[in-house]
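A.B. asks: let me see the structure of the following:
(2 chains)
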Amino acid sequence: MESGTRPEGGGIAGNILAFARTLRAAGLPVGPGAVLDALRAVETIGLDRRDDFYWALNAVFVKRHDQQELFDQAFHVFWRNPQFLDRMRSLFLPSVTPDMANQAEQKELARRLSEALTGEQPGMAEQEEEQEEVEIQATLTWSDKEVLADKDFESMSTAELEEAKKAMQRLTLPLGRVKTRRWQANPRGRGIDARRSLRAALRQGGDALPLLRRKQRERPPPLVVLTDISGSMGQYSRMLLHFLHALTNDRDRVQVFLFGTRLTNITRQLRFRDPDEALTKVADAVPDWDGGTRIGACLADFNKAWARRVLGQGAVVLLITDGLDRAGAEGLSDEMERLHKSCRRLIWLNPLLRYDAYAPKSQGARAMLPEVDEFRSIHSLNSLAELAGALSRTQPARRSARLEWSEDGRRA
Amino acid sequence: MTSELPTSVDRTLSLLSDERYLADRPLATVLYLALRQGRPLFLEGEAGVGKTEIARVLSAALGRRLIRLQCYEGLDVSSAVYEWNYPRQMLEIRLAEAGGTQDRERIASDIFDRRFLIERPLMQALSPQEGGPPILLIDELDRTDEPFEAFLLELLSDYQVSVPELGTIKAPAPPITIITSNRTREIHDALKRRCFYHWVGYPDAAREREILAAKAPHVGAKLSAEVVAFVQRLRDEELYKLPGIAETLDWADALTQLDKVTLDEEAVDSTLGVLLKYQDDIAKIEGSEAARLLREVKSDMAETRLT
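C.D. replies: Numbers count the residues shown, from 1 in each chain, chains lettered A, B, ... in the order given. As a prediction, the model looks like this:
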């Protein structure tokens, strides 16, 4: 540090520390190691030029492209005048501040506590009522405007929550395994493990060469879930979130997206172990709960921004939607085709399928059906269990679900 | 020719530009930091923006050997680090027996010798090389899987590999490591934390013209200005795969091969496949859309000429 605006090293070190703290508060994962790295980087680069300084800190603190903007804002606010910081912080802070989270938690706690104290037991009648409500909601209603209200969907009753949880624990979704290109020792394997064979031969003096075998290792493919959360899906999506939460915590390589009028990736939020905490975070992250649906536009977003990042390595896609598209299925069939061609298997889960009279006649459904490999119902815990069973079977070759439906929309 | 590591950001810039690589200052800053502090450089960005090229250019400019590891799914130790040469080992055992050697210990120590080790890229990068530590290019890391990433994490922290039969092999000096990713998958944070991270974006018009002039000097000035203006406009369109610098160079080259000195509608339509790699994108731009872009380019050029 030969020259610069701040002569003594202590000042700049303190400022970098404060800057790192700001970044952390703004949501960047900045650890103490990164602060030391930043100090060393700044020492190397010097303080002669502001842009060099900027890019040196950028190289250390930013680890993903989408963090760039946040860093940029924070940098310009902080290094202009650090005192401004406290006032400006709210500008680039994500919506959850610790206080708010606490409040929500307390409210939630209080509600559950009061339920527990009054001794309200989950009654069968209550459940049946709810079941009916679900059916009414499923009639083809959806709102025409984007409802951006942040809906507090975590106020599920304990009864509901408990039952769902219990069911979810049984559902581990053992997705059929696929072969990888890695090997593991296995006496019944097909390949010969030359290295182990040779070592074994040496152990016996090199006279005989026992052939030790290996086989290809298997692991479940990545799973990508796209869930419709529009008004017409409302009741189901709430139930399914618990299922998705269990799924995310049960296995690795799961990505979950929600869509209504826009697409949101909630994988990170679902990583929280506690379902209540996870669902609170999801509610905060999703702006378009119970609004309309623009399936085509959301799938286009997904194909453009995410498909290449999450559909690698032969992912299986679960698309959970009722196929009722506000935008009149605009561009939907093209996007479905692209999605279908970039994944291993595309499974459409439709809650409406439980009606015997259901036929995929809506514009959205007609556009989607030709491109899905499998078309299943998902309206109750039972159908979830069936789904788990179906996915764990060895996967059949690709075939279009359209084959099951004859031209006039009747099940064949 | 061997030259020393650059001593400032400006020197880094000129080092690269001597090899006809026109980097912007942010990239040079990060590269300088990585070289000075001996830490890996993690470059992420769309395909065709010159991530791999950086390693080549560095190798040429510094006179170091370039060792490239192309990643793919299922990449394992035997193809990335080392493998024993089994046929030779077995031959050696037979020879030892023919020679009457009975001592098992001796055979074992003979055949697990470095002579029988086939060195793969990562092991080569740890061995001493002429001209100083080599440039290790780990290309398209996102194509491989998590287990390999975890292995790499270990390698990049200590620059050593342990071979059970031989012991630990440690690099005398750490190689200059450059990791690239096209972001088809997020690389784990633990690995990125050990590196300097930089996102390589598309260049602006002025820089792209300079790059074109440096890399394809045979392309006429008028054509190259038009090509760059067209491609820059194309990058504002809603496309599935935007054209990178590599595509710009290819396109300028293709147009020159067709003896074009200026862009016209027919030439654009017939060579669009060089720029765009998805049928959907081509269908979207071909015809009227291309004609509109071309008109905008032409009118812009006319304006700048007037002023």
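
A.B. asks: what's around A:Arg214, how many residues?
C.D. replies: By the measure other C-beta atoms under 10 Å in any protein chain shown, the count of residues near A:Arg214 is 20. The way it works is simple: take the backbone N, C-alpha and C, and place the C-beta from them, glycine included.

A.B. asks: that one belongs to a strand, doesn't it?
C.D. replies: Yes: the assignment for A:Arg214, made by DSSP: H, G, I helix; E, B strand; the rest coil, places it in a strand.

A.B. asks: pretty sure it is touching A:Asn186, no?
C.D. replies: Yes: A:Arg214 is in contact with A:Asn186 according to C-beta atoms under 8 Å; the separation is 5.9 Å.

A.B. asks: after whichever helix or strand B:Thr248 is part of comes which helix or strand?
C.D. replies: Element membership for B:Thr248, per DSSP states H and E: helix B:245-257. Downstream of helix B:245-257, the first helix or strand assigned by DSSP H and E is helix B:265-275.

A.B. asks: and for that following helix, what are the contacting residues?
C.D. replies: Contacts to helix B:265-275, defined as C-beta atoms under 8 Å, 6 or more residues apart in numbering or on different chains, come from residues B:230-231, B:234, B:243, B:247-248, B:250-251, B:254-255, B:258, B:260, B:282, B:285-287, B:290-291, B:294.

A.B. asks: what comes up buried for it?
C.D. replies: B:267-269, B:271-272, B:274-275 (16 or more other C-beta atoms under 10 Å in any protein chain shown).

A.B. asks: what score does the residue of the stretch 51-200 of chain B at minimum distance from chain A have for pLDDT?
C.D. replies: When distances are taken as C-beta to the nearest C-beta, the stretch 51-200 of chain B reaches nearest to chain A at B:Gly74, 2.4 Å away. pLDDT recorded at B:Gly74 is 80.

A.B. asks: hang on, it packs against B:Pro147?
C.D. replies: No: using C-beta under 8 Å as the test, B:Gly74 is too far from B:Pro147 to be in contact (9.4 Å).

A.B. asks: between these two, who's got more neighbours?
C.D. replies: Counted by other C-beta under 10 Å, B:Gly74 and B:Pro147 do not tie: B:Gly74 has more neighbours, with 18 against 15.

A.B. asks: quick check: closest non-adjacent residue to that one.
C.D. replies: With sequence-adjacent residues excluded and distances taken as C-beta to C-beta, 6 or more residues apart in numbering or on different chains, B:Gly74 is closest to A:Arg181, at 2.4 Å.

A.B. asks: surely that neighbour and B:Ser79 touch.
C.D. replies: No: using C-beta under 8 Å, A:Arg181 makes no contact with B:Ser79, being 10.1 Å away.

A.B. asks: between the two, who's got more neighbours?
C.D. replies: Using other C-beta under 10 Å as the criterion, A:Arg181 and B:Ser79 rank with B:Ser79 on top: 15 against 12.

A.B. asks: tell me the contacts of the closest residue to that one other than its chain neighbours?
C.D. replies: Excluding the flanking residues, the one nearest B:Ser79 by C-beta to C-beta, 6+ apart is B:Arg120, at 5.9 Å. Contact analysis of B:Arg120 by C-beta under 8 Å, 6+ apart lists B:69, B:78-83.
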